[in-house]
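**Q** below is the sequence, then the predicted model.
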Amino acid sequence: MNTTVRIKLSAMMFFNFFVWGIWFVTMGTYLTKGGIMASGTQTGLAYGTQCLGAIIAPFIVGMIADKFFAAQKILGVLHLVGAIILYLISIQTDFDSFYSLLLVYMILFMPTLALVNSISLNQMTNAEKEFASIRVWGTIGWIAASLIIGWMAWESSPESLNITFLISAIVSAGFGVYCFFLPNTPPPKAGKKVSFSETIGLDALKVLADKNYLIFFIASILICIPLAFYYGQANQFLNEVGMQSAAAKMTIGQMSETLFLFLMPLFFLRFGIKQMLLIGMLAWVLRYLLFAYGDAESNIWMLYVAIALHGICYDFFFVTGQIYTDQKAGKESRSSAQGLITLATYGVGMYIGFYVAGLIVDQNSMEAGMHNWNKIWIFPCLFAIGISLLFFVFFKEKHKIKIEE
């Protein structure tokens, strides 16, 4: 890959995740503390739009991007239309209109996650060695977005957080134009006859015939229920307990994720699949215990450790799971299988999780808009313990991930 292409792809990853990260982390704080004054349940529904977008995304990518139009052109159009919707979101004052527009936006945005991967992989001859160095710029984009929020101290005035949607709209518009100058990625199935079941990924269901994979698949859905508590409630929690520039400090989690991503091959050599997945699950248990008993004073170290655990929480379970899925599915249906596990986790599992998290937050609300966070965090902690125990008992796969040269 030449330097010009590498720079273009790195910038693509950076801006695609920047336009998401600039508003997503603080949306819960904005909805509950800003001008909309949403309930916990409503906040959960708002975050759940990501999941509905993830469920619909395979249809958009499978039916349109794979058969009719070049990926970079679809990416550009989605961001240009998305910019208009983001602007409209930034000026809403009631939850119903906010939610309706956000749902439309996430249906447009979630397919971009697959499109940027397709555009990148199309330019690579050795994805195993080249992709990580490109994909990491997406994480850097997310970190940059959160640092800007911290530097501007927008969280100290939650009603001003609507500016994050406006900034996202401006960047999305510029990025949408930029996308048309990305390397050409023609539709791979243009002119080919593909069945409807293959288009929507139903051919991947055969991987569920493997008992161990079926257990992993169910566990993946269930572990996303406590996972959603972090994505939907962590920023609101950290702001309520008094942590300064919470969004900026939450980037410790993305830094940890990046570090462990590069260390994963070393762990694959040492641990088996079952051990790797269990370590990831138990990291969620520890994280929520630290949140439950930490504070912004003498126990602030607990909050920092809980945030830093994100690398283990995410990489050990989800990255291991993606590689496990790839090896179980084989070359013929690996893309469909990855789409299936993404739909199950980021779609079904997290949608349930965001809704449950909203209910638990509402049940533990107090006066002056505050909450009993100890009880809130204990729920996902116990839930994760239960899933970990069931996974330990029933999952029998013990071989290690195969690392290809």
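**A** All right, it came through fine.
**Q** low-confidence ranges, the stretch 51-200 of the chain, go.
**A** Counting by pLDDT under 70, the stretch 51-200 of the chain contains low-confidence ranges at 58, 60-67, 127-128, 188-200.
**Q** SS state for the residue sitting nearest the centre point of the chain?
**A** Computing the C-alpha centroid of the chain and ranking residues by Cα atoms, centre = their mean puts Y346 first, at 7.1 Å. Three-state call for Y346 (DSSP: H, G, I helix; E, B strand; the rest coil): helix.
**Q** the spatially closest residue to it that is not a sequence neighbour: which element?
**A** By the measure of Cβ to Cβ, 6 or more residues apart in numbering, the closest residue to Y346 outside its immediate chain neighbours is A54, 4.2 Å from it. Every C-beta, even on glycine, is put in place using the N, C-alpha and C of the backbone. Here A54, judged by DSSP states H and E, is contained in helix 40-60.
**Q** what's the following helix or strand after that helix?
**A** Of the helices and strands lying after helix 40-60 in sequence (DSSP H and E), the nearest is helix 71-90.
**Q** which other helices and strands does that following helix contact?
**A** Counting by 3 or more Cβ pairs under 8 Å, 6 or more residues apart in numbering; DSSP states H and E, the packing neighbours recorded for helix 71-90 are helix 3-24, helix 95-121, helix 162-179.
**Q** report the inter-axis angle for the longest helix that the chain contains versus helix 3-24.
**A** Ranked by residue count under DSSP state H, the longest helix found in the chain is helix 211-240. For helix 211-240 against helix 3-24, the angle by axes from the mean of the first three to the mean of the last three Cα atoms, to 10 degrees is 60 degrees.
**Q** pLDDT at the closest residue to I279 other than its chain neighbours, what is it?
**A** Excluding its sequence neighbours, the residue lying closest to I279 (Cβ to Cβ, 6+ apart) is F316, at 4.8 Å. With respect to pLDDT, F316 scores 88.
**Q** my guess is F316 meets I273, correct?
**A** No: applying Cβ atoms under 8 Å, one finds F316 not in contact with I273, separated by 10.7 Å.
**Q** could you list every residue that touches the nearest residue in space to G232 that is not next to it in sequence?
**A** For G232, the nearest residue in space outside its immediate sequence neighbours is Y47; the separation is 4.4 Å by Cβ to Cβ, 6+ apart. Residues in contact with Y47 (Cβ atoms under 8 Å, 6 or more residues apart in numbering) are 27-28, 228, 231-232, 354.
**Q** same check on V77?
**A** Applying Cβ under 8 Å, 6+ apart to V77 gives the contacts G176.
**Q** and for I55?
**A** Taking Cβ under 8 Å, 6+ apart as the definition of contact, the neighbours of I55 are 343, 347-348, 351.
**Q** cutoff 6 Å now
**A** With contacts taken as Cβ atoms under 6 Å, 6 or more residues apart in numbering, I55 has the following neighbours: 343, 347.
**Q** quick check, A145 in contact with W20.
**A** No: applying Cβ atoms under 6 Å as the test, A145 and W20 come out as separate, 7.9 Å apart.
**Q** the two: which is more packed in?
**A** The residue with more neighbours, out of A145 and W20, is A145; 27 against 22, by other Cβ atoms under 10 Å.
**Q** tell me the secondary structure at that one.
**A** Using three-state DSSP, the three-state assignment for A145 comes out as helix.
**Q** who are the contact partners of it?
**A** In this structure, A145 makes contact with 18, 21-22, judged by Cβ under 6 Å, 6+ apart.
**Q** that older thread, next structured bit after the longest helix of the chain?
**A** On the C-terminal side of helix 211-240, the nearest following helix or strand under DSSP H and E is helix 246-249.
**Q** re the thing from before, hmm, which two among the contacts of Y47 are most spread apart?
**A** Greatest spatial distance in these: M27 and A228, 13.3 Å, computed using Cβ to Cβ.
**Q** which non-adjacent residue is nearest A234?
**A** With Cβ to Cβ, 6+ apart as the measure, M250 is the residue that lies nearest to A234, at 6.7 Å, once sequence neighbours are left out.
**Q** go on, N372?
**A** Closest residue to N372 in three dimensions, ignoring its sequence neighbours and counting by Cβ to Cβ, 6+ apart: N364, at 4.2 Å.
**Q** for the one you found, grab phi and psi.
**A** Listed backbone geometry of N364 is phi -120, psi 30, with angles given as degrees, to the nearest 10.
**Q** tell me how many other residues crowd it.
**A** Burial of N364 is recorded as 18 neighbouring residues (other Cβ under 10 Å).
**Q** what sits against it?
**A** Residues near N364 by Cβ under 6 Å, 6+ apart: 371-372, 375-376.
**Q** out of the residues you listed, which are inside helices?
**A** Short answer: those in helices (DSSP H) are 375-376.
**Q** scan the contacts of N364 and report the most crowded one.
**A** Ranked by neighbour count (other Cβ under 10 Å), those have I376 at the top, with 23 neighbours.
**Q** need the pLDDT of that one.
**A** According to the prediction, I376 has pLDDT 96.
**Q** next one: the closest residue to I167 other than its chain neighbours relative to W142, how far apart?
**A** Nearest in space to I167, with sequence neighbours left out and distances taken as Cβ to Cβ, 6+ apart, is I22 at 5.6 Å. I22 sits at a distance of 9 Å from W142 (criterion: Cβ to Cβ, to the nearest Å).
**Q** more neighbours: which of those two?
**A** Of the pair I22 and W142, I22 is the one with more neighbours under other Cβ under 10 Å, namely 27 against 24.
**Q** hang on, the earlier thing: the residue nearest to I167 and S90, how far apart?
**A** 11 Å.
**Q** and if you look at I119?
**A** As judged by Cβ to Cβ, I119 and S90 stand 28 Å apart.
**Q** so between these two, which is more surrounded?
**A** Ranked by neighbour count (other Cβ under 10 Å), I119 and S90 place I119 first, with 25 against 19.
**Q** what sits closest to the more buried one if chain neighbours are left out?
**A** Looking at I119 with Cβ to Cβ, 6+ apart, the closest residue is T185, at 4.8 Å.
**Q** quick one, what contacts the one you found?
**A** Here T185 is in contact with 70-72, 119, 122 (criterion: Cβ under 6 Å, 6+ apart).
**Q** now a PyMOL select for only the buried ones of those.
**A** One line in PyMOL is enough to select the buried ones among the contacts of T185; burial here means 16 or more other Cβ atoms under 10 Å:
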select buried, resi 70+71+72+119
